[in-house]
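J.: Could you work out the structure for the sequence below:
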Amino acid sequence: MNTLKFAFIPLTSLALLLGCSPEVPGHVGSFSELLRESPSISGKPAYLASPYVTPGDRAYMVGHQDGSFPEIGWHIPGEMGGIWAHPIKLMDGFQTSIEVGGNPLPPADSTRFVNYPMANSHHWSWDGQPLRMSRWQFVPDHLPGVALEYEFENTGEEALTVEFSFLGQTDLRPTWLGERTGMADGRDSAYYDSGINAWTARDGQSPWYVAFGPNRAPDGILPANRDSIQRGEGIAAGYRFSLKIRPGETERIRMAVGGSTSTEAAARQVQQSILEEASSLLESKRDRYAELAGRSKLTVPDTALQQAFEWLKYNSDWMIQEVPGIGTGVTAGIPDYPWWFGVDSEYALRGYMAVGQQEVVFQTIRLIDSVSRAVNGNGRIIHEMSTNGAVFNSGNINETPQFASLIWHIYRWSGDRDFLRRYFQTIRDGLDWLMRENDGDGNGFPDGFGMMEIHGLDSEMIDVASYTQAGFDHASRIAAELGEEDLSRQYAALASELKARINSEFWSERYGSFADFRGTDQQALRLIEDAIVRADTLDKPWAVAELETTRNALLRNPQPGVRPFVLHHNWVVNTPMEMGIADSAKAYTALETARKFTNPFGVFVTGIDRDESAGSDSGSFKGSSAFSYTGAVMTLPTGVQAVAENNYGRPDQALDYLRRMTRSFSYALPGSMYEVSPDYGMIAQAWNIYAFAVPIVEQFFGISPRASDRLIRIDPLMPEDWDVASLENVSIGGNTLSVYYEEDERQTITLRVVQKGDWDLEIPLDVQQARRARTEGGQLLPNPDGTAVVRGSDRELTITYPRN
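T.: Numbers count the residues shown, from 1 in each chain. Down below sits the predicted model:
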């Protein structure tokens, strides 16, 4: 706790004149009571000095788990924490101090952080003191502000006199790239309105406002000053309260913050609305999150993974940002990437769809498409856009074909043909741009940066090739759905050709892997030298030796033109398996090779960063002093690997990758999974839901919808460890599906499928399964090759069959 040393102005006489006697809130409706039955996870003492987020779609707050607000982040250095209501920041945070019986309390002897799906709390106690203090906070849905509630509990046998000071620190400033859109940051000024007990601050150059104040009249105010401002053009001001707390009782002070990018009246209205309606707003958000938990509800023997899956659905909601005048969509990561990305959305939205968070899927796609068309005008999909509308990167090469794949997958789940028509022109234009502008040698493999943003690594990349092949394949299916038969055949032919050529021209038999890229010898030599420096700096002697061997072989046997190279062992070499386009024999070899580049948390971004300790290095990530992904193990590459393993019938290996990622769940921030495992980079990341939802929903439970035809195929590929598993309330178009799986000791599977609609359900069986299958509901329809399919449109269908 920081001790504040500002003079304060007594307000006792003013409160009496205005008839504002201090309110003493009761226990009913308090934040702690409203959250009492909600899921929660307590943080670790070792991570009290690390970030948390209080999430919301119009505002969010980032501070440290110990309750402080240090300077956080690098995108805007030191400014990514505090309270944000994009496209502006409202406050850097706040400081408090406490006196008991006239004596200032030192820093707390015990501090605890508790995270809830939609809120957080901090708890402090002092040895030898009967006072316990806690701070509860949440961000209401659809409002640019924050609600806080302080609780002061007297655990002793005598009354306590507590002096509590609260100092709010404003910092009305623009988001990243504000200078590109004319957002000027001026010096804040503040004034106090005794009529509503609220401070209001305004930016000196722009119509940005923030108001904050309590639900009870203070006993004094802390005058506006700049002495406690760490950096920037903010101002500080606050309140002082005198509390008389009887033995065994609790006093509460509620605070609210509201912001606006237009008028003072709007900021004050938000602040007052939150203050007056905080309990009902929290109850509404709590109930909404309970409903989120019920969608795609997973029950499996692996309780740690089950909990992680539930909280990743909450995390997904944390990432939604609505910015008036710009749009609503899934942002990438908190705290340094709280804006929109093409590729992050293209991974994440498949997961969002599978867990029933459909509305934001369509909102995000609409936003990404409209901005891409406005900025590029040729079907190219943007990479990165700030919340003020400024586009930083107009698009990496992989993002355009991945957009086609995303639209096809969302259509399969929604069945909305108008949705397909709406984005088909973007897909056509984008694929035309992709090949016309980026395939200089006309060989079908576009040149340019994909997922690996390594300097110089921008020739024919394996992920760009894989996603291009998939993009044309999915565009062919979209064209067929819309009656564009000639175009469908054209796209399908190119997809087929690219699939064959990826397997032949990107494969390295020597390394048992697909190549990082195809390029010239000169390009490879430059990259090898850079990679040797990197590996040597990181003390990876095996990688240095391998790279030197590759360099020497290349110098002894130079070749003209382009050829495949395995240099970095980047995770993207696994995208041919993620997309299911690798030949089976190559896939099995490559999947085994990929397991060499893992640690207990998952897959290395760049394989040459791995060392011999990687099999057991389960501790904190040791990143560089400047933010960097060097040496990183990340959730996305690990999720891609899980998807890839399942594509080739290896669910046990896929589950192993999910368990690796689960080890990082709640490692640093309770209830969340960091971008870089286990505790580095973004504290919450949107694409984590792709890494779990696609392997679990679409592959383990085998749910493959064709919503336009009111058909759902269920073909489970369950890990051996999951002998009992269920996935309930999966939203598909206008239908809802639940799947219950059970396997007994004789390896006999009982599969029960329940739907709310009357769609066609289809369960495929192999030859052995078809011979011994028994069904209740539906029909067993044999195929000429001895396989069969169970089909029916009953509300409930049960089938018993052998595992193999």
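J.: Neighbouring strands of the longest strand seen in the chain in the sheet, and parallel or not?
T.: Criterion DSSP state E: the longest strand present in the chain is strand 160-174. With DSSP bridges as the test, strand 160-174 is paired with strand 88-100 (antiparallel), strand 236-245 (antiparallel).
J.: Give me the buried stretch members for the shortest one, please.
T.: Neighbour-count burial for strand 236-245, counted by 16 or more other CB atoms under 10 Å, picks out 236, 237, 238, 239, 240, 241, 243, 245. No exception for glycine: its C-beta is placed from N, CA and C like everyone else's.
J.: for stretch 154-171, same thing?
T.: By 16+ other CB under 10 Å, the buried positions in stretch 154-171 come out as 154, 160, 162, 163, 164, 165, 166, 167, 168, 169, 170, 171.
J.: What is the nearest of these to residue 144?
T.: residue 170 (14.1 Å; CB to CB).
J.: my read: the closest one touches residue 190, true?
T.: Yes: using CB atoms under 8 Å, residue 170 is in contact with residue 190, at 6.7 Å.
J.: shared neighbours, these two?
T.: Both residue 170 and residue 190 are contacted by 201, 235, 237, under the criterion CB atoms under 8 Å, 6 or more residues apart in numbering.
J.: For stretch 723-738, output the C-alpha coordinates as CSV.
T.: C-alpha atoms of stretch 723-738 as CSV (Å, rounded to 0.1, in the frame of the first residue of the first chain):
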residue,chain,number,x,y,z
ASP,A,723,-13.2,-43.5,-21.8
VAL,A,724,-16.1,-41.3,-20.7
ALA,A,725,-16.5,-37.9,-22.3
SER,A,726,-19.3,-35.5,-23.2
LEU,A,727,-19.7,-32.2,-25.1
GLU,A,728,-23.1,-30.5,-24.5
ASN,A,729,-24.9,-27.7,-26.2
VAL,A,730,-22.8,-27.2,-29.3
SER,A,731,-24.4,-24.5,-31.4
ILE,A,732,-24.7,-25.3,-35.1
GLY,A,733,-26.8,-23.0,-37.3
GLY,A,734,-30.2,-23.0,-35.7
ASN,A,735,-29.6,-26.3,-34.0
THR,A,736,-28.0,-27.4,-30.7
LEU,A,737,-26.1,-30.7,-30.4
SER,A,738,-24.8,-32.8,-27.4
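J.: I'd assumed residue 752 was in a strand, is it?
T.: Yes: assigned with DSSP: H, G, I helix; E, B strand; the rest coil, residue 752 falls within a strand.
J.: what about residue 181, neighbour count?
T.: 13 (other CB atoms under 10 Å).
J.: ugh, wrong one, I meant residue 783
T.: Around residue 783 there are 12 other residues, counting by other CB under 10 Å.
J.: so it makes contact with residue 789?
T.: Yes: under the criterion of CB under 8 Å, residue 783 makes contact with residue 789 at 7.1 Å.
J.: Give me the buried positions along the helix or strand hosting residue 257.
T.: In this assignment (DSSP states H and E), residue 257 forms part of strand 250-260. For strand 250-260, the neighbour count (16+ other CB under 10 Å) marks 250, 251, 252, 253, 254, 255, 256, 257, 258, 259, 260 as buried.
J.: any idea which of these is closest to residue 364?
T.: Closest to residue 364, out of all of those and judged by CB to CB, is residue 259, at 23.6 Å.
J.: Could you give the bridge partners of the closest one?
T.: Beta-bridge partners of residue 259, as defined by DSSP bridges: residue 210.
J.: what number of residues lie near residue 77?
T.: For residue 77, the neighbour count with other CB under 10 Å is 10.
J.: quick revisit: compute the inter-axis angle for the very next helix or strand once past the strand holding residue 257 and strand 88-100.
T.: For strand 250-260, the succeeding helix or strand toward the C-terminus, using DSSP H and E, is helix 264-294. Using axes from the mean of the first three to the mean of the last three CA atoms, to 10 degrees, the direction of helix 264-294 lies 90 degrees away from that of strand 88-100.
J.: For the buried residues of strand 236-245, give me a markdown table that also has distance to residue 564 and pLDDT.
T.: Converted to a markdown table, those look like this (distance: CB to CB, whole Å; pLDDT from 0 to 100):
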| residue | distance to residue 564 | pLDDT |
| --- | --- | --- |
| 236 | 59 | 97 |
| 237 | 63 | 97 |
| 238 | 63 | 97 |
| 239 | 66 | 97 |
| 240 | 70 | 98 |
| 241 | 69 | 98 |
| 243 | 71 | 97 |
| 245 | 72 | 97 |
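J.: Same list, the residues you listed, but as TSV with distance to residue 633 please.
T.: What follows is these, written out as TSV (distance: CB to CB, whole Å):
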residue	distance to residue 633
236	41
237	45
238	43
239	46
240	48
241	47
243	48
245	49
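J.: Find me the pLDDT at the residue nearest to residue 281 when sequence neighbours are not counted, would you?
T.: Closest residue to residue 281 apart from its sequence neighbours, by CB to CB, 6 or more residues apart in numbering: residue 140 at 4.1 Å. Residue 140 is assigned a pLDDT of 98 by the prediction.
J.: Now that residue 140 has come up, it's in contact with residue 285, right?
T.: Yes: counting by CB under 8 Å, residue 140 touches residue 285, with 6.6 Å between them.
J.: When those two are compared, which one has more neighbours?
T.: residue 140 (26 against 22).
J.: average model confidence for stretch 656-668?
T.: On average, the pLDDT along stretch 656-668 is 98.
J.: what's the first-to-last distance across it?
T.: This stretch, stretch 656-668, spans 21 Å end to end (CA to CA, to the nearest Å).
J.: again with stretch 177-194
T.: So stretch 177-194: terminal residues 37 Å apart, CA to CA.
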